[in-house]
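>>> this one's sequence-less:
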């Protein structure tokens, strides 16, 4: 079994995250960068299976700037067998479409039985990337799973739906994404940190993958504007003078909330 886990370097969730108003990109200098927690949980799913099934290979895959190498290596310290990082200046500000195209190309090159990702990153929160990658790879997808069962030739799990849950399954190869309902990731120990320095770490470019970031025929997102988040303003306080219900109803109707 070869499991590839998609990971991403993101601004620290607990830090001060800002956008650069000139580029529209996250200002990485404004806060520390870390391995996305949902990516760590995805890696934990893969490593837990590998712990119980000898011969399982776990690879972490990331599309990130060269400066993110130390962050990606955390996946190796946690226990992954190898890492692949796609680095190219042309990917600065890549949208979901280009990101999915690059990751799919890297997955074809690396090979996989199962791809595990988080349901959405904590910076972009697009929530569509795993499904897009599965579509490009032409393999089944099972997204937003709150539980995962991996067997030799299939994957199964539970997904929350309106009013209940649904159990889904698919044959391998497949792509799945998980939610924060899955367990927290393990901490790298000293042995893992030292071993990570000797594990395979492959760096790929767009030329290696045969992807053209400026393909005029490809669908790409275009940013029209970016602005500072407006400051919070005081809300409307309703004082009950016997007509609070009427005032509340009028407020809801006026703001088209009812």
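Structure received. Predicted model only: the values in this text are computed from it and were never measured. Numbering: from 1, shown residues only.

>>> start to end distance for stretch 81-95?
29 Å (Cα to Cα, to the nearest Å).

>>> Check the model's average confidence along that stretch for me.
The average pLDDT within stretch 81-95 is 93.

>>> tell me which residues in that stretch are buried?
Residues of stretch 81-95 classed as buried: 81-88, 91, 94 (neighbour count, 16 or more other Cβ atoms under 10 Å). Where you see a C-beta, it was placed from the backbone N, CA and C, and this is true even at glycine.

>>> Which members of those residues occur in strands, if any?
Residues of the buried residues of stretch 81-95 located in strands (DSSP state E): 82-86.

>>> between those residues, which is nearest residue 74?
residue 83 (9.6 Å; Cβ to Cβ).

>>> hmm, back to that, could you dump the buried residues of stretch 81-95 into CSV and include distance to residue 42?
Below are these laid out as CSV (distance: Cβ to Cβ, whole Å):
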residue, distance to residue 42
81, 15
82, 16
83, 14
84, 15
85, 16
86, 18
87, 21
88, 24
91, 21
94, 20
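
>>> mind checking which helix or strand residue 168 is in?
Remark: residue 168 resides in strand 164-171, with elements defined by DSSP states H and E.

>>> Now the element after that strand, going C-ward?
Of the helices and strands lying after strand 164-171 in sequence (DSSP H and E), the nearest is strand 174-178.

>>> would you turn the ones in strands among the buried residues of stretch 81-95 into CSV with distance to residue 228?
Listed next are those as CSV, based on distance: Cβ to Cβ, whole Å:
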residue, distance to residue 228
82, 41
83, 36
84, 37
85, 32
86, 31
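
>>> how far is the strand holding residue 168 from where the chain is centred?
21 Å (Cα atoms, centre = their mean, to the nearest Å).

>>> With stretch 197-212 instead?
The answer for stretch 197-212 is 19 Å, by Cα atoms, centre = their mean.

>>> Could you list the residues in contact with it?
If you take Cβ atoms under 8 Å, 6 or more residues apart in numbering as the criterion, stretch 197-212 is touched by 66, 69, 72-73, 76, 80-88, 90-91, 98, 101-102, 105-106, 109, 213, 218.

>>> need the strands for the stretch 51-200 of the chain, in chain order.
57-63, 82-86, 114-118, 141-150, 154-161, 164-171, 174-178 (DSSP state E, counting those that start in this stretch).
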